[in-house]
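> I would like the atomic coordinates for the input below:
(one chain, ligands or ions: 3)
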Amino acid sequence: MARLTRWRSVPVNDRERPYEAHIGAGTAGLLEEYAADADRVAVIHTASTEPHAREIAAPLIDAKHVVTLEIPDAEQGKDLSVLAQCWEALGEETFTRTDLVVGVGGGAVTDLAGFAAATWLRGIDVVHVPTSLLGAVDASVGGKTGINTAAGKNLVGAFHTPRAVLCDTRYLRTLPEREAAGGLAEIVKAGFIADPGILELIENDPRAALDPSGDLVPELMARAIAVKAEVVGEDLKETGKRAFLNFGHTLAHAIEKHEDYRMRHGEAVAIGMVYAAELGRLTGRADLVARVEAILESVGLPTRYSGADWDSLHGTMLVDKKNRGATQRFVLLDALAEPAVVSDVPVEAQREAFARVREGEAPE
Ligand SMILES: NC(=O)c1ccc[n+]([C@@H]2O[C@H](COP(=O)([O-])OP(=O)(O)OC[C@H]3O[C@@H](n4cnc5c(N)ncnc54)[C@H](O)[C@@H]3O)[C@@H](O)[C@H]2O)c1
Ligand SMILES: O=C(O)C(=O)C[C@@H](O)[C@H](O)[C@H](O)COP(=O)(O)O
Ligand SMILES: [Zn+2]
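Ligands and ions are numbered 1, 2, ... in the order given. Predicted structure coming up:
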């Protein structure tokens, strides 16, 4: 298929399996190339992305055995029972190691589809077609796949890099504005940890950052994906700098669990970034709290949370994946675009930072 010049492709230089994220209107059409060697293709989607999945499957149907699997929406799809249903379907349809899984949806779908592909026959190919902004700029890139469990968010999963990521910007047109804002939370994260130019672009025109049909969103997508690609290309399995991508996620994951996964991930990350910024300030690092709050609020993201008390959130944060034994580890900013993994954060400072997130004011 002829590639239009307006498409952008960001390479992800994974040492074992390099791949590309293609961004632009119509990039989903590249699936035919990536599916060339497969006899069978399983397209996993939700009700909200069924039209997109149908469009994607249509050109493959004459030449291949195409199975479409609809899973429950959002975090309900990231569940062991749903994964088991996918395994059943792949078994019934006799998927082999040359066959292909395609995830068409937001980050919840690509996390689940990626994990189904990672585990079926100990690993078959997956191509992601993210349909949410968050899925495009973060979840579908980098190979983290998984499900939630009673103990917490994403606690079971596998690293399984995709063959390709097809960010077809046409699909973002049906995305509700609240979901677009959620995607901006992870884009803002990329700005604070590595590319402050992203922050300036959003600060200059927050409305445009929420409009997927304009020119700014593809630019932000490419820049945020480039940030992630640079990190995961070097550290797929999070032995080092990949943890920087978890900026804001320590509190975010605890909040998501306490909200029974009904709060949107991007919204929880927004609150979590305010918490991490305040924690950085309180421990003598950069004071970026006002900038973090202002940019998030400019695109309609929450910066406050009072739905759970400190003790229960802190208890959940003690099972964060970044921790080592009893030692908690946080991603804090020494300066703008200078993240660090910090393990000596006093519990008192953590509690104090939560007071700001809860009430809007740091205690005297
Ligand atoms: N694997 C990773 O590296 C990684 C990174 C970031 C986030 N995540 C995970 O991604 C998930 C969050 O992703 P998300 O924000 O995309 O959430 P989501 O997948 O739940 O999608 C959000 C909502 O948008 C709807 N939607 C998606 N695309 C649509 C479209 N084109 N039109 C209309 N509606 C559409 C969905 O149906 C859903 O209701 C979380 O589970 C998070 O843990 C994973
Ligand atoms: O890719 C990563 O690494 C990230 O931390 C990106 C996060 O935005 C994402 O939410 C990821 O799923 C969190 O990973 P986890 O290992 O903390 O569950
Ligand atoms: Zn995230």
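
> make it CA atoms for all contacts and neighbour counts henceforth
Noted.

> Can you name the residues of the chain that neighbour ligand 1?
With CA under 6 Å from any ligand atom as the criterion, the chain meets ligand 1 at residues 48-49, 73-75, 105-109, 111, 131-132, 134-135, 138-139, 142, 144-145, 171-172, 174-175, 179, 182, 265-266.

> ok, now which ones touch residue 65?
Each residue near residue 65 by CA atoms under 8 Å, 6 or more residues apart in numbering is listed here: 39, 40, 41.

> Dump those into JSON lines; add pLDDT and neighbour count as well.
Listed next are the contacts of residue 65 as JSON lines, based on pLDDT from 0 to 100; neighbours: other CA atoms under 10 Å:
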{"residue": "39", "pLDDT": "98", "neighbour count": "16"}
{"residue": "40", "pLDDT": "98", "neighbour count": "23"}
{"residue": "41", "pLDDT": "98", "neighbour count": "25"}
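
> Going by distance to ligand 1, which of those residues wins?
Distances from ligand 1 to the contacts of residue 65, taken as CA to the nearest ligand atom, are shortest for residue 41 (20.5 Å).

> Distance-wise, check that closest one relative to residue 124.
Per CA to CA, to the nearest Å, residue 41 is found 11 Å from residue 124.

> Surely residue 135 is within a helix?
Yes. Assessed with DSSP: H, G, I helix; E, B strand; the rest coil, residue 135 lies in a helix.

> Name the residues contacting each of residue 41 and residue 124.
Applying CA under 8 Å, 6+ apart, one finds that residue 41 and residue 124 are jointly contacted by 99, 100, 101.

> residues in contact with the last one?
By that I understand residue 101. Residues near residue 101 by CA under 8 Å, 6+ apart: 41, 42, 43, 44, 113, 114, 117, 124, 125, 126, 127.

> So which of these are in helices?
Secondary structure defined by DSSP state H assigns 113, 114, 117 of the contacts of residue 101 to helices.

> Write a PyMOL command that selects only the buried members of those residues.
Those of the ones in helices among the contacts of residue 101 that count as buried under 16 or more other CA atoms under 10 Å are selected in PyMOL with:
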select buried, resi 113+114+117
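
> residue boundaries of the helices in the chain?
Applying DSSP H to the chain gives helices spanning 31-34, 50-57, 80-92, 107-119, 133-134, 177-193, 196-204, 206-209, 216-234, 249-258, 265-282, 289-298, 310-317, 347-359.

> So is the fifth one next to ligand 2?
No. Remark: helix 133-134 sits outside contact range of ligand 2, by CA under 6 Å from any ligand atom, the gap being at least 8.6 Å.

> Please state the offset of that helix from the chain centre?
With CA atoms, centre = their mean, to the nearest Å as the basis, helix 133-134 stands 7 Å off its chain's centre.

> Distance from stretch 176-193 to the middle of the chain?
Using CA atoms, centre = their mean, the mean C-alpha position of stretch 176-193 is found 10 Å from that of the whole chain.

> can you list the residues that contact stretch 162-172?
The contact list for stretch 162-172, computed with CA under 8 Å, 6+ apart, reads 17, 19-28, 30-31, 34, 52, 114, 125-133, 136, 140-143, 212-213, 218.

> dump the residue contacts of the most centrally placed residue in the chain.
Note on the chain: the residue nearest the mean C-alpha position is residue 139, at 2.9 Å, using CA atoms, centre = their mean. The contact partners of residue 139, taken as CA under 8 Å, 6+ apart, are 107, 110, 111.
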